[in-house]
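Asks: need coordinates for the following:
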Amino acid sequence: MQTLFEDEAPRPLADLLRPASLADVVGQDHLLAPDAPIGRIVASGMMVSMILYGPPGTGKTTIARLLADASKLRFEAISAIQSGVADLRRVFEAARDQRKAGRGTLLFCDEIHRFNRAQQDAFLPVVEDGTITLVGATTENPSFELNGALLSRCQVFVLRPLDPAALEGLLQRAEAHMRRRLPLTSEARTAMIDLAGGDGRYLLNLAEQIFRLQRDETLDTAAMGRVVQRRVATHDKAGDGHYDLLSAFHKSLRGSDADAALYYAARMMAAGEDGNTVFRRLVCAASEDVGTADPEALVQVIAAWQAFERVGWPEGKLFLAQAICYVATAPKSNAAYLAFSAALDVAEKTSHLPPPLNVLNAPTELMKELGYSHGYRYDHDEPDAYGGQEFLPDQLQGTRRGRFFSPNERGFERELRKRLDYWSNLKQRREGK
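Replies: The predicted model follows:
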């Protein structure tokens, strides 16, 4: 219930500038434009339950409120952090009462991924029968965090981080509301937009700090940085952001982009990531993506990791940087990885096949009589230390299923290809082929 003095209470600038219509929401035209998905839903007058997935400060709560206004639904909001099943039941009961009176309810559930599976299941019947129109907000990937049954009853819309143009638009709205310009140089203004990291609410909070200064001088980038609080790097070690950065880091290594790999590693370390996590991905890349094209890559990473553990941070960044640059710029090959994957596949299907008798030891007389070890040639006694024997089971010898390792012509694998070709030719000559 609103009081007489509520309008006089101080309100954050971000709240004062909250859009009054969907057309005023910036940065989400791909969803809200008249010909975009949510725009078409609003125009049809048939509201649907949905999940709004995106980073903080992109307008999820605002959009939910405006959808309720546009569809003439009663707006109800809960937070999964502060609510339980009992709270949900009270909201659902109130929605049923409203429905009897002829009015629907739009229930906005913030941080819906925080609800456990049983709590999420509580939404199913009331969404199914239309008691509520659910608008859930989440910063985590709904595919991993929400029940399949709930997802099947909702449409998922992805909100994007606000780009510099959208953030500049917010600053201009703030200046129009305050009736004065922010006392910033153009470089400081750009730096503040960069500092926001796509978060409109955070940008307006920064602007509010600057407006409160009541100074006449114009702040440059350094002065602006001293005034505003530095944004803490966003990195949930158990959430999507964690795995997204690791994925981008690994793919940058694989794609031989040292700059991008260094950047994503720096993002993780600046956010407090455990250096061992970064090194674990480096080790995987050194083997999976570099492999035998440069066997030294794995050695370099292990040595750098050991140095990192012994010296610690911040000096440890020297070893991390060296390992990242080595792996990113090394020649790439997944031949060994593919070879073992193929071998595993064949092994699962042919586990009953015995090795050739000649390559088996014969510790007993009976085994010798059965042919164990018979005809085996000790390679070191052969010319070029190569006997040219067959070691695969008989059924795999000379078949495509028995060929796994195929080195390419990059890096050290050129030498491995030469060796394999040399042994193959040597074997054919000895067999008279």
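Asks: what's the average pLDDT for the stretch of helix or strand L320 belongs to?
Replies: In the assignment (DSSP states H and E), L320 maps to helix 317-329. Averaged over helix 317-329, pLDDT sits at 94.
Asks: equivalent analysis for stretch 262-269, please.
Replies: On average, stretch 262-269 scores 90.
Asks: give the buried residues for that stretch.
Replies: 262, 264-269 (16 or more other CB atoms under 10 Å). Using the backbone N, CA and C atoms, a C-beta is placed for each residue, glycine as well.
Asks: between the residues you listed, which is closest to K60?
Replies: Nearest to K60 among these, counting by CB to CB, is R267 at 23.3 Å.
Asks: settle this for me: the closest one is touching S252, isn't it.
Replies: No. Using CB atoms under 8 Å, R267 makes no contact with S252, being 11.3 Å away.
Asks: how much space separates the nearest residue to D121 once chain neighbours are set aside from V346?
Replies: Among residues not flanking D121 along the chain, N147 sits closest, at 6.5 Å (CB to CB, 6 or more residues apart in numbering). N147 is 39 Å from V346, where distance means CB to CB, to the nearest Å.
Asks: how about A304?
Replies: With CB to CB as the criterion, A304 and V346 are 36 Å apart.
Asks: and E382, by the same measure?
Replies: Distance from E382 to V346, by CB to CB: 28 Å.
Asks: between those two, which one's more packed in?
Replies: V346 (18 against 14; other CB atoms under 10 Å).
Asks: which pLDDT value goes with that one?
Replies: V346 is given a pLDDT of 85.
Asks: pretty sure it contacts Q395?
Replies: No. With contacts counted by CB under 8 Å, V346 stays clear of Q395, the gap being 10.5 Å.
Asks: who's in contact with the residue nearest to D121?
Replies: Contacts were defined as CB atoms under 8 Å, 6 or more residues apart in numbering; by that measure N147 touches 117, 120-121.
Asks: now, of those, which are buried?
Replies: Here, 16+ other CB under 10 Å leaves Q120 buried among those.
Asks: in strands only, show me the contacts of N147.
Replies: Among the contacts of N147, no residue falls in strands (DSSP state E).
Asks: could I get the contacts of N147 as JSON lines with distance to T139 and pLDDT?
Replies: Formatted as JSON lines, the contacts of N147 follow (distance: CB to CB, whole Å; pLDDT from 0 to 100):
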{"residue": "R117", "distance to T139": "19", "pLDDT": "86"}
{"residue": "Q120", "distance to T139": "16", "pLDDT": "90"}
{"residue": "D121", "distance to T139": "22", "pLDDT": "90"}
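Asks: pretty sure Y337 is touching G291, no?
Replies: Yes. Counting by CB under 8 Å, Y337 does reach G291; the two are 6.3 Å apart.
Asks: so which of these two has more stuff around it?
Replies: Between Y337 and G291, counted using other CB under 10 Å, the more crowded position is G291 (26 against 15).
Asks: can I assume that one sits in a helix?
Replies: Yes. G291 forms part of a helix when assessed by DSSP: H, G, I helix; E, B strand; the rest coil.
Asks: leaving out chain neighbours, which residue sits closest to it?
Replies: Among residues not flanking G291 along the chain, A336 sits closest, at 4.4 Å (CB to CB, 6+ apart).
Asks: W423 versus that neighbour, what's the distance?
Replies: 18 Å.
Asks: neighbour-wise, which of these two wins?
Replies: Neighbours were counted for A336 and for W423 using other CB under 10 Å; A336 has more, 20 against 13.
Asks: list the contacts for that one?
Replies: For A336, the contacting residues are 287, 291-292, 405, by CB under 8 Å, 6+ apart.
Asks: do the same with G225
Replies: By CB under 8 Å, 6+ apart, the neighbours of G225 are A191.
Asks: that one belongs to a helix?
Replies: Yes. Assignment of G225 by three-state DSSP places it within a helix.
Asks: if I look at it, how far off is Q306?
Replies: From G225 to Q306 the distance is 37 Å (CB to CB).
Asks: can you list the domains in the protein?
Replies: Domain assignment for the chain, taken from automatic domain parsing, gives 28-158, 164-227, 240-329, 353-430.
Asks: what about the longest one, how long is it end to end?
Replies: Pointing back at domain 28-158 there. Start-to-end span of domain 28-158 (CA to CA, to the nearest Å) is 9 Å.
Asks: ok now it, how far from the chain's centre?
Replies: The chain centre lies 24 Å from the centre of domain 28-158; the measure is CA atoms, centre = their mean, to the nearest Å.
Asks: can we start the residue count at 54 from this point?
Replies: Yes, from this point I'll number from 54; that puts the last item at domain 81-211.
Asks: in a strand, V209, correct?
Replies: Yes. Counting by three-state DSSP, V209 is located in a strand.
Asks: what bridges to it?
Replies: Under DSSP bridges, the beta-bridge partners of V209 are I104.
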